[in-house]
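[1] need a 3D model of the sequence below.
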Amino acid sequence: MDKTLELLRLAKEGNQDAKEQLVTENLGLVWAVARRFLGRGHELEDLYQIGCIGLMKCIDKFDLSFDVKFSTYAVPMITGEIKRFLRDDGMIKVSRTLKETAYKVKKAREEIINRTGIEPRLEELSRLLEIDVEEIVASLEANVEVESIYKTIYQNDGNAVYLMDKIADEGDAQGVLLDRIVIEGLMSGLNETEEKIIKLRYFENRTQTEIAKEIGISQVQVSRLEKKILLKMREEYFNKK
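    Next up, the predicted model:
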């Protein structure tokens, strides 16, 4: 049994020293997850504290029989705890100043379009309102409606997938690393064919038709399997929260 699993075993037996050591060794993971939620109206320290609660829950709930690394199990639980906090406390808090700036920009933009029929450039709005371009951009971004991770997007071949399935394509390197930890953990629960389909589809950007030829089944079968696998992975992801 490796060191982490041994600490988990001791912690579950009531050993507080083992539990504290586990928490200490995984604080870096909490900070990494917390940083992904900056800019949503809360200080990093507050997000970190909530993430620590998620880590504690993870230690309590982790089953030693799980065929998954502790960090793989912990990331979605810490993330889920912070998301619940943001959801319950208000997803995004926008300052009055940003709201007022966004309103001024919206009105000025509408007036210019009505008068000229042309979409104004940011520099033009900046000169007209005497507001820095950076401040205009910040106000507009702060007031944009948050997209659901379940928003349907489409591939080039016309097949629908969820936005969540593509999140790892964007974001900072740290965010991609955390997403990869979660994805690799979820893929460990797939059989050989399922894992191959996901790797070809989302890591090599192959079309369903190309995958069908390589595996030796029809494109329709690949489409059905892909949807089934993604559903299986999503259910596994949320069952860990």
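[2] centre of the chain to stretch 106-126, how far?
    34 Å (CA atoms, centre = their mean, to the nearest Å).
[3] can you give me the buried ones in that stretch?
    For stretch 106-126, a neighbour-count test (16 or more other CB atoms under 10 Å) marks 108-109, 112, 120, 125-126 as buried. No exception for glycine: its C-beta is placed from N, CA and C like everyone else's.
[4] can you redo the residues you listed as JSON lines with pLDDT?
    Converted to JSON lines, these look like this (pLDDT from 0 to 100):
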{"residue": "Ala108", "pLDDT": "89"}
{"residue": "Arg109", "pLDDT": "87"}
{"residue": "Ile112", "pLDDT": "89"}
{"residue": "Pro120", "pLDDT": "84"}
{"residue": "Leu125", "pLDDT": "88"}
{"residue": "Ser126", "pLDDT": "88"}
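[5] and which of the residues you listed is nearest Ser65?
    Closest approach to Ser65 among the buried residues of stretch 106-126 (CB to CB): Arg109, at 58.0 Å.
[6] what helix or strand is that closest one on?
    helix 96-116 (DSSP states H and E).
[7] can you list contacts of the following helix or strand past that helix?
    The helix or strand immediately downstream of helix 96-116 is helix 122-129, counting by DSSP H and E. Helix 122-129 is contacted by residues 104-105, 108-109, 112, 120, 131-133, 136-137 when judged by CB atoms under 8 Å, 6 or more residues apart in numbering.
[8] what segments of the chain are helices?
    3-12, 16-25, 27-35, 44-61, 70-89, 96-116, 122-129, 133-142, 173-187, 192-198, 208-215, 219-239 (DSSP state H).
[9] where among those is average confidence lowest?
    Mean pLDDT per stretch puts helix 173-187 lowest among those, at a mean of 61.
[10] got the domain boundaries for the protein?
    3-89, 96-142, 152-239 (automatic domain parsing).
[11] Ala18: neighbouring residues, count only.
    18 (other CB atoms under 10 Å).
[12] doesn't Leu5 make contact with it?
    No - Ala18 is beyond contact range of Leu5, at 11.1 Å (criterion: CB atoms under 8 Å).
[13] list the contacts of Glu135.
    Thr101.
[14] one more: Phe70?
    Applying CB under 8 Å, 6+ apart, the residues near Phe70 are 4-5, 8, 26, 58, 62.
[15] now it: how far from Ser223?
    Shown here: Phe70 relative to Ser223, a distance of 35 Å by CB to CB, to the nearest Å.
[16] got a quick ChimeraX command for the buried subset of the contacts of Phe70?
    Listed next is the ChimeraX selection for buried residues among these, using 16+ other CB under 10 Å:
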select :4,8,26,58,62
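[17] dump the contacts of Phe70 into TSV; add distance to Asn191 as well.
    Below are the contacts of Phe70 laid out as TSV (distance: CB to CB, whole Å):
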residue	distance to Asn191
Thr4	27
Leu5	25
Leu8	27
Asn26	30
Cys58	27
Phe62	24
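[18] nearest to Thr79, of the contacts of Phe70?
    For the contacts of Phe70, the nearest to Thr79 is Cys58 (10.7 Å; CB to CB).
[19] measure Glu123 to Val137 for me?
    On the measure of CB to CB, Glu123 and Val137 end up 12 Å apart.
[20] make that Phe85, sorry
    27 Å.
[21] out of these two, which sits in the busier spot?
    Phe85 (19 against 13).
[22] what's the neighbour count on the spatially closest residue to Lys196 that is not a sequence neighbour?
    Nearest in space to Lys196, with sequence neighbours left out and distances taken as CB to CB, 6 or more residues apart in numbering, is Ile215 at 7.0 Å. Close neighbours of Ile215, defined as other CB under 10 Å, add up to 15.
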